[in-house]
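**Q** sequence and predicted structure are below.
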Amino acid sequence: MALTGVLRPGFIQLRVLDMAASIEYYTKRIGLHVVTKGDDGRVYLKAADEFDHHSLVLRQADSAGLDLYAFKVRKDKDLDSFKKRVEDYGIEVDDVRAGEQPGIGRRISFVIESGHRIELYAQAEMSEPKPLIHNPDVWSVEPHGMRARRMDHALLYGPNIEKVLDFFVNVLDFECAERVDMPDGLLAIWLTSGMKAHDIAFVNHPEPGKFHHVAFELEDWKDVGHAADIITRYNISIDIGPTRHGITRGQTIYFFDPSGNRCEVFAGGYTYYPDNPTRTWDEKEVGRGIFYYERQLNEAFLSVVT
Amino acid sequence: MNEQRFNIDVENINAEFCGSSTGYADERVLISLERAQGFGKLKNLPKRLPVGCRRGGCGICRARILEGNYKRDPMSREYVTLEDEKEGLVLLCAIYPLSDLKVRLEPKCVKNLEVNSQSLEI
């Protein structure tokens, strides 16, 4: 198998209420690095184990939440073919010029039925710090904070996720790794463009464009425990965990950034192949699907979003 | 460490007294209410105390300040507009008491409450 088309999540742009507190949190606590700051005040960050220019963009605003979520595609010409497919599907596509974000080539940008802005791009410059390439050590810069290795996925809340599922599968060539069906309809979907159990997920929700969490990947369960120590030591607002998801099998903690945007750090999760069946969950067992040890949702899972 | 302590009375949306917490000048009001709930001091809540992100972003802990003074951190304009702010509406997780307080829980969005009750049924 060769990965073509959409490769993986590239970067996420979040709104924050307090930029200084956010930079301290994402660098010292999550363990990311600031790459650069833009003239418009946006701040660009990455994990040291990522090659590309940045994976997290912070924008100062008067509300928290998600601006956009961008995926990297394999080839520049993929942008032209995806643009045509998205437009043929009936969704308007905006062109974003190369350099609108530093280090990132041209993007195509569109708003899906759940109210979220999704983007695709093909080119990214590399930036420091990044993994070593020749005779590589396991890291070039000593990991710090929670030792996040990459921005991994996001969970978004909005309406019309039946349509979102159709769009991601039939227009962007994603696969649906897992889904939750309630008696009154589809509640949630976990979608992958590659071999991770998920690259983006959606939960059905009345308000469009809402943000549930962005996840950063850690090396192992021991690092999840270390992250939990950091959360308490630095009085970071906890949601739930350490625990495990039945869905994707990730070992996880949910907590909040200084503006109330939910973050996850997690380790593990299974390998997904595109010929795998979609795993399914029903109303009776969805509790352990979301939180495998508690076996029930906490009250915040379906109601607390930014 | 700031040991200035204050009494914080809480009403629910129907203006019924729910209980009191001990607030500290260096602590978000919502955190003092979570502690009071843990000690079993809050009654008459329709459900548990509405606790979300605790950092001014998600809007779950929106409330009206009926009496008292406080200082504030930034909080999302999506849930507390300028007009709301003039009326004394706040997010309890983003304020700190400067005196005794009397607060009334006042969630903004009925849609959100419907989602909440669905989640309780799951």
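**A** The structure has been received and is ready for your questions.
**Q** give me the neighbour count for B:L98.
**A** 14 (other CB atoms under 10 Å in any protein chain shown). Heads up, the C-betas are built off the backbone N, CA and C, glycines and all.
**Q** meant to ask about B:D73, not that
**A** B:D73 has 18 neighbours, counted by other CB under 10 Å.
**Q** I'd say it and B:I95 touch.
**A** Yes. Contact criterion CB atoms under 8 Å: B:D73 and B:I95 qualify, at 7.3 Å.
**Q** same question for stretch A:161-170, mean pLDDT?
**A** Averaged across stretch A:161-170, pLDDT comes to 98.
**Q** check stretch A:23-42 too.
**A** For stretch A:23-42, the per-residue pLDDT averages 98.
**Q** contacts for that stretch, please.
**A** A:13, A:19, A:43-48, A:53-54, A:56-60, A:101-103, A:127-129, A:141, A:143-148, A:216, A:230, A:234, A:236, A:257-258, A:263, A:265 (CB atoms under 8 Å, 6 or more residues apart in numbering or on different chains).
**Q** mind listing what's buried along that stretch?
**A** Buried residues in stretch A:23-42, counted by 16 or more other CB atoms under 10 Å in any protein chain shown: A:23, A:25-27, A:29-33, A:35, A:42.
**Q** and the residue of the stretch 1-150 of chain A nearest chain B?
**A** Nearest residue of the stretch 1-150 of chain A to chain B, counting by CB to the nearest CB: A:A64, 3.4 Å away.
**Q** got the residues of the stretch 51-200 of chain A near chain B?
**A** Applying CB under 8 Å from any CB of the partner chain, one finds that the stretch 51-200 of chain A approaches chain B through A:62-65.
**Q** quick one: the residue nearest the centre of chain B from chain A, how far?
**A** With distances taken as CA atoms, centre = their mean, B:L92 lies nearest the centre of chain B, 3.5 Å away. Distance, B:L92 to chain A, by CB to the nearest CB, to the nearest Å: 13 Å.
**Q** over to that residue: give its phi and psi.
**A** With angles defined as degrees, to the nearest 10, B:L92 sits at phi -60, psi -20.
**Q** surely it touches B:G59?
**A** No. With contact defined as CB under 8 Å, B:L92 does not reach B:G59; the gap is 10.8 Å.
**Q** which of the contacts of stretch A:23-42 are buried?
**A** Using 16+ other CB under 10 Å as the burial test, the contacts of stretch A:23-42 include A:13, A:19, A:43-48, A:53-54, A:56-60, A:101-103, A:127, A:143, A:145-148, A:216, A:230, A:236, A:257-258, A:263, A:265 as buried.
**Q** show me where the chain has its helices.
**A** You didn't pick a chain, so chain A it is. Ranges of helices in chain A, per DSSP state H, are A:19-24, A:76-88, A:161-170, A:221-233, A:286-290, A:299-303.
**Q** meant chain B, my bad for not saying
**A** B:29-38, B:82-86, B:110-121.
**Q** now do the first one: distance to the chain's middle.
**A** By that I understand helix B:29-38. Here helix B:29-38 shows a centroid-to-chain-centroid distance of 9 Å under the convention CA atoms, centre = their mean, to the nearest Å.
**Q** is any part of it close to chain A?
**A** No. Helix B:29-38 lies out of reach of chain A by CB under 8 Å from any CB, never closer than 9.3 Å.
**Q** in that helix, what's buried?
**A** B:29-34, B:36-37.
**Q** give me the pLDDT for whichever residue of chain B sits closest to chain A.
**A** Of all residues in chain B, the one sitting closest to chain A is B:G57 (2.0 Å; CB to the nearest CB). As predicted, B:G57 sits at a pLDDT of 97.
**Q** what's near enough to touch it?
**A** Residues near B:G57 by CB under 8 Å, 6+ apart: A:17, A:63-65, A:256, A:259-261, A:306, B:75-76.
**Q** count the neighbours of the residue in chain A positioned nearest to chain B for me.
**A** Residue nearest to chain B within chain A: A:G260 (2.0 Å; CB to the nearest CB). By other CB under 10 Å, 31 other residues sit near A:G260.
**Q** repeat for B:E3
**A** B:E3, neighbours per other CB under 10 Å, totals 7.
**Q** go on, A:Y273?
**A** A total of 10 residues lie near A:Y273 under the criterion other CB under 10 Å.
**Q** so which elements touch the biggest strand by length in chain A?
**A** Identified as the longest strand of chain A according to DSSP state E is strand A:6-16. Judged by 3 or more CB pairs under 8 Å, 6 or more residues apart in numbering or on different chains; DSSP states H and E, strand A:6-16 is in contact with strand A:56-60, strand A:65-73, strand A:150-158, strand A:210-217.
**Q** now those in JSON lines, with mean pLDDT?
**A** Listed next are these as JSON lines, based on pLDDT from 0 to 100:
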{"stretch": "strand A:56-60", "mean pLDDT": "98"}
{"stretch": "strand A:65-73", "mean pLDDT": "98"}
{"stretch": "strand A:150-158", "mean pLDDT": "98"}
{"stretch": "strand A:210-217", "mean pLDDT": "98"}
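**Q** where in chain B is pLDDT low?
**A** In the predicted model, chain B carries pLDDT under 70 at residues B:1-2, B:109-122.
**Q** thought A:S259 was touching the residue of the stretch 1-150 of chain A closest to chain B, still the case?
**A** Yes. Using CB under 8 Å, A:A64 is in contact with A:S259, at 4.2 Å.
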